[in-house]
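Trainee: predicted model, plus sequence, below.
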Amino acid sequence: MHRRGSRRDLGGIAERGCEAARSRRQGNAAQSDNQGLPSWVRELLVMALDLAVGVNPSVVRAHARKAISQGATEAQVLGAIELAALVMAGKALSFVPAVFEPEPSTS
């Protein structure tokens, strides 16, 4: 029986994470094919994250085009863009309650 949260309980994920960290010294591990995700999925993730944080549109476009060149469909690119838009809308909507809060009293 393994302790919950132990390294073995994670099925080797922690060990693989350590290996990935070591491999960073030899190149960009995030762009490696041994990260468990196809390269086009990684490109879509980076594109969506870039959109959500407001990176230059030309960078977003480059990731979208790279994802398509690696096998993503235009529908998948659009789906990732929609998810990023939902994240951005959620951030904007998080300020709504503050708009309706009563003014602090100045007594």
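Mentor: That came through, no problem.
Trainee: in the longest helix that the chain contains, which residues are buried?
Mentor: Longest helix in the chain, counting residues (DSSP state H): helix 74-93. Of the residues in helix 74-93, those buried by neighbour count under the rule 16 or more other C-beta atoms under 10 Å are 76-77, 80-81, 84. No exception for glycine: its C-beta is placed from N, CA and C like everyone else's.
Trainee: which secondary structure elements does the helix or strand following it contact?
Mentor: Once the chain leaves helix 74-93, the next helix or strand it forms, by DSSP states H and E, is helix 96-99. For helix 96-99, there is no helix or strand it packs on, judged by 3 or more C-beta pairs under 8 Å, 6 or more residues apart in numbering; DSSP states H and E.
Trainee: take helix 96-99, keep the C-alpha atoms, and write them as CSV.
Mentor: Extracted in CSV, the C-alpha atoms of helix 96-99 (Å, rounded to 0.1, in the frame of the first residue of the first chain):
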residue,chain,number,x,y,z
VAL,A,96,-18.9,42.0,-12.1
PRO,A,97,-19.6,41.5,-8.3
ALA,A,98,-17.3,44.4,-7.5
VAL,A,99,-19.3,46.7,-9.7
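Trainee: give the buried residues for it.
Mentor: Within helix 96-99, no residue counts as buried by 16+ other C-beta under 10 Å.
Trainee: same check, this time on stretch 40-59
Mentor: Residues 40-48, 50-52 are the ones in stretch 40-59 that count as buried (16+ other C-beta under 10 Å).
Trainee: and for stretch 64-76?
Mentor: Taking 16+ other C-beta under 10 Å as the criterion, stretch 64-76 shows 64, 66-68, 72, 76 as buried.
Trainee: I'd like those as JSON lines, with secondary structure appended.
Mentor: As requested, those are arranged in JSON lines below (DSSP: H, G, I helix; E, B strand; the rest coil):
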{"residue": "Ala64", "secondary structure": "helix"}
{"residue": "Lys66", "secondary structure": "helix"}
{"residue": "Ala67", "secondary structure": "helix"}
{"residue": "Ile68", "secondary structure": "helix"}
{"residue": "Ala72", "secondary structure": "coil"}
{"residue": "Gln76", "secondary structure": "helix"}
